[in-house]
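1. sequence below, structure please.
(chains A, B and C)
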Amino acid sequence: MKRLTRSFYRRPTVGVAKNLLGCFLVRKIGRKMIRAKITETEAYVGEEDLACHASRGRTARTETMYGAPGHAYVYMIYGMYHCLNIVTEQKNFPAAVLIRAVEIDGVPHRETDGPGKFCRFLGIDRKLNGFDVTEGEKLWIESGAKIASKNIRTAKRIGVDYAKHCKEYLWRFSIADYSK
DNA sequence: GTCCGGATCTTT
DNA sequence: AAGATCCGGACA
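-> Have a look, this model is predicted:
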């Protein structure tokens, strides 16, 4: 397995979101290393995407998304959960892939089948916001077996009812075997 | 400064 | 179906 490089992320976000399925999110805490297979993702693309945090422009929070691709964008939601995204596309174009679910060997899937759940399990919080996943030692992503397109399920994104017409975009992707 | 709502999850 | 819980963004 090979670590994904910056050029992997410097591409259209929807493609990155699909290609991340089946890849392995690796988290290292001290001597402990956890490998998590990515099973569900969503794309958030630019200021025109009303579901994207950057739709309200460049702010302190969204600054990471405007930065170079291959960095983690971690934010807190509902006062108690964190969500992990990987920044995509060119610098100064705000876009990212939200990782929504992973699977870890020996861990019940229900503990890692939501964005807040696996972040809690992997100890991911805002301290990792802006972390370079193409170089750092705490968090990175390795390539995995390619998922055939017939095994990729496409759907509307979750929890973005406020996003007007953008809520209809089919920018949620999951591996068929793991779809709920 | 104040106010409001959220890319969620758990429990009822 | 509702509660937990708090930060970021909008407005003043």
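2. pretty sure A:Tyr81 is in contact with A:Phe118, am I right?
-> No: in this structure, A:Tyr81 is not within contact of A:Phe118 by CB atoms under 8 Å, at 10.5 Å. For the C-beta atoms, the positions are set from N, CA and C on the backbone; glycine is no exception.
3. which of those two has more neighbours?
-> Shown here are A:Tyr81 and A:Phe118; by other CB atoms under 10 Å, A:Phe118 has more neighbours (29 against 15).
4. who are the contact partners of A:Lys156?
-> A:Lys167, A:Glu168, A:Tyr169, A:Leu170, A:Trp171, A:Arg172 (CB atoms under 8 Å, 6 or more residues apart in numbering).
5. quick one, longest strand in chain A?
-> strand A:32-45 (DSSP state E).
6. any part of that strand near DNA strand C?
-> No: applying CB under 7 Å from any atom of the strand, one finds strand A:32-45 separated from DNA strand C by no less than 13.1 Å.
7. secondary structure class of the spatially closest residue to A:Asp161 that is not a sequence neighbour, three-state.
-> Excluding the flanking residues, the one nearest A:Asp161 by CB to CB, 6 or more residues apart in numbering is A:Lys167, at 5.8 Å. Assigned with DSSP: H, G, I helix; E, B strand; the rest coil, A:Lys167 falls in the helix class.
8. quick check, A:Lys167 in contact with A:Gly159.
-> No: counting by CB under 8 Å, A:Lys167 stays clear of A:Gly159, with 9.3 Å between them.
9. looking at the two, which is more packed in?
-> A:Lys167 (16 against 11).
10. count the neighbours of A:Thr62 for me.
-> By other CB under 10 Å, neighbour count at A:Thr62 equals 20.
11. for A:Thr88, which non-adjacent residue is closest in space?
-> Nearest non-adjacent residue to A:Thr88 (CB to CB, 6+ apart): A:Thr13, at 4.4 Å.
12. contacting residues for the residue lying farthest from the centre of chain A?
-> Centroid-distance maximum for chain A: A:Arg31 at 24.3 Å, with CA atoms, centre = their mean. Residues near A:Arg31 by CB under 8 Å, 6+ apart: none.
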